[in-house]
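S.K.: this is a predicted model, with the sequence first.
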Amino acid sequence: MEMIDLRSDTVTWPTAEMREVMASAEVGDDVYGEDPTVNRLEAEAAEMFGREAGLFVTSGTQGNLIALLTHAPRGSEVILGDKAHIFLYEQGGISALGGIMPHTLPVQADGTLSLKQIEGAIRGDNNHFPRTKVVALENTQGTVGGVPLSPEYVQDVADLAHDHGLKLHIDGARIFNAAAHFGVAPETIINGADSMTFCLSKGLGAPAGSILVGDRAFIAEARRARKLLGGGMRQAGVLAAPGLIALHKMSTRLHEDHVNAAALASGLAQIPGVRLLSNHTNFVFFELSDAAPVSAEDFVAQMKARNILLSPYHGAPRKFRVVIHHWISAARVAEVLAAMRMVLG
């Protein structure tokens, strides 16, 4: 029996079609700009999001770092959420490598930052302060349960940033999930943003890589930053080829993951010993209540014995994050719920 891996949507393997196109991909030297498959992926991703140009990067972390290095000089400041992936889970790269200061604001329950607080955090023209250069949002907002940010909110933040001469960057690791939730085109979900990074290797199922999009001048500078960080790849078409399938095919089926996540959440809410915390897009958060008959450690072990992988959420041993992806069908959701009833019954 195959494992049912609920730990993240990063665990997916490339599809059979992806493996086929990897073997036959047309390649060249991407540092010279001569890999036709990479060039096609960059151009088609940019067009899909209504931007002038794109850049293929190794990961979302690298894409976010490149974007902020390009937007913000050393000693300047970025406004972002206190639960943002850039702030919590990217090793402080913007400070360690870019000399950029994070100015954090509280992420609200709906994943947003208060417009009033953003405006209040923008530094005035005072020699004592670093200069604010960028506002960064995350969509969907992973640490508060995969909450999607609406196009209207993103446009409001973009307008506010631009009114103050700032740039707006979006960490859009799961941006297609946000677009699927609102039923809008990818271009619409990043209204007004100056740059955006999205992952090909999460719910879209490609083996590696992310795309950074923006205008031509921005991407030209971002390409230099990518080289600085050691991100210039050579015959990268073997990775770009599955990225094209991710972009055009896998992105259109994410609503299925949302339906399956909702079904899982509904089932979890009926199991004694489980407290459902939230369900947004392809994320489900739950915790074991005091009434649960097993410890969190035993729960994980017993589920693994039934070929289901779970892991406690960071720093909260009784709290779990489940991320649904294309491996997790409706039938597998039913298997998971049946196993949980056995373990917790």
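M.R.: Done, it's in.
S.K.: give me the contacts around the helix or strand bottoming out on mean pLDDT in the chain.
M.R.: Across the helices and strands of the chain, mean confidence by mean pLDDT, DSSP states H and E is lowest for strand 312-313: a mean of 90. Identification of contacts with strand 312-313 by C-beta atoms under 8 Å, 6 or more residues apart in numbering yields 285, 296, 300, 318-321. Just so you know, the C-beta spots here come from the backbone N, C-alpha and C atoms, and that holds for glycine as well.
S.K.: that one: how far from the chain's middle?
M.R.: Using C-alpha atoms, centre = their mean, to the nearest Å, the mean C-alpha position of strand 312-313 is found 18 Å from that of the whole chain.
S.K.: what of stretch 289-309?
M.R.: 28 Å.
S.K.: compute the first-to-last residue distance for that stretch.
M.R.: 20 Å (C-alpha to C-alpha, to the nearest Å).
S.K.: in that stretch, which residues are buried?
M.R.: 292, 296, 299-300, 302-303, 306, 308 (16 or more other C-beta atoms under 10 Å).
S.K.: cool, stretch 323-341 as well?
M.R.: 323-328, 332-333, 335-337, 339-340.
S.K.: out of the buried residues of stretch 289-309, which is nearest to residue 11?
M.R.: Nearest to residue 11, judged by C-beta to C-beta, of those is residue 308 at 12.6 Å.
S.K.: across the sheet, point out what pairs with that closest one.
M.R.: residue 4 (DSSP bridges).
S.K.: relative to residue 146, how far out is it?
M.R.: 20 Å (C-beta to C-beta, to the nearest Å).
S.K.: SS state for residue 261?
M.R.: Following DSSP: H, G, I helix; E, B strand; the rest coil, we place residue 261 in the helix state.
S.K.: contacts only, for the closest residue to it other than its chain neighbours.
M.R.: Closest residue to residue 261 apart from its sequence neighbours, by C-beta to C-beta, 6 or more residues apart in numbering: residue 324 at 4.3 Å. Neighbouring residues of residue 324 by C-beta under 8 Å, 6+ apart: 6, 9, 257-258, 260-261, 264, 282-284, 333.
S.K.: returning to what we had before: next step: the buried residues of stretch 289-309 restricted to helices.
M.R.: 296, 299-300, 302-303 (DSSP state H).
S.K.: dump these into CSV; add pLDDT and distance to residue 59 as well.
M.R.: Conversion of these to CSV gives the following (pLDDT from 0 to 100; distance: C-beta to C-beta, whole Å):
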residue, pLDDT, distance to residue 59
296, 93, 30
299, 96, 31
300, 96, 27
302, 97, 34
303, 97, 29
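S.K.: pick out whichever of those sits closest to residue 245.
M.R.: Using C-beta to C-beta, those come closest to residue 245 at residue 303, 31.4 Å.
S.K.: excluding chain neighbours, what is closest to that closest one?
M.R.: That would be residue 310: by C-beta to C-beta, 6+ apart, it lies 5.4 Å from residue 303.
S.K.: the one you found reaches residue 7, doesn't it?
M.R.: Yes. Under the criterion of C-beta atoms under 8 Å, residue 310 makes contact with residue 7 at 6.7 Å.
S.K.: looking at the two, which has the bigger crowd around it?
M.R.: The neighbour comparison of residue 310 against residue 7 (other C-beta atoms under 10 Å) goes to residue 310, with 20 against 13.
S.K.: so what pLDDT did residue 316 get?
M.R.: Residue 316 carries a pLDDT value of 83.
S.K.: CA atoms only for stretch 60-70, dumped as PDB, please.
M.R.: Extracted as PDB, the C-alpha positions of stretch 60-70 are listed here (Å, rounded to 0.1, in the frame of the first residue of the first chain):
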ATOM      1  CA  GLY A  60      10.600  30.300  -3.600                       C
ATOM      2  CA  THR A  61      13.000  31.300  -0.900                       C
ATOM      3  CA  GLN A  62      15.600  32.200  -3.600                       C
ATOM      4  CA  GLY A  63      12.900  34.100  -5.500                       C
ATOM      5  CA  ASN A  64      11.800  36.100  -2.500                       C
ATOM      6  CA  LEU A  65      15.400  37.000  -1.700                       C
ATOM      7  CA  ILE A  66      16.200  38.000  -5.200                       C
ATOM      8  CA  ALA A  67      13.000  40.200  -5.400                       C
ATOM      9  CA  LEU A  68      13.900  42.000  -2.200                       C
ATOM     10  CA  LEU A  69      17.600  42.400  -3.100                       C
ATOM     11  CA  THR A  70      16.400  44.000  -6.300                       C
END
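S.K.: show the average pLDDT along it.
M.R.: For stretch 60-70, the mean confidence score works out to 99.
S.K.: isn't residue 25 right up against residue 243?
M.R.: No. If you go by C-beta under 8 Å, residue 25 and residue 243 don't touch, sitting 10.2 Å apart.
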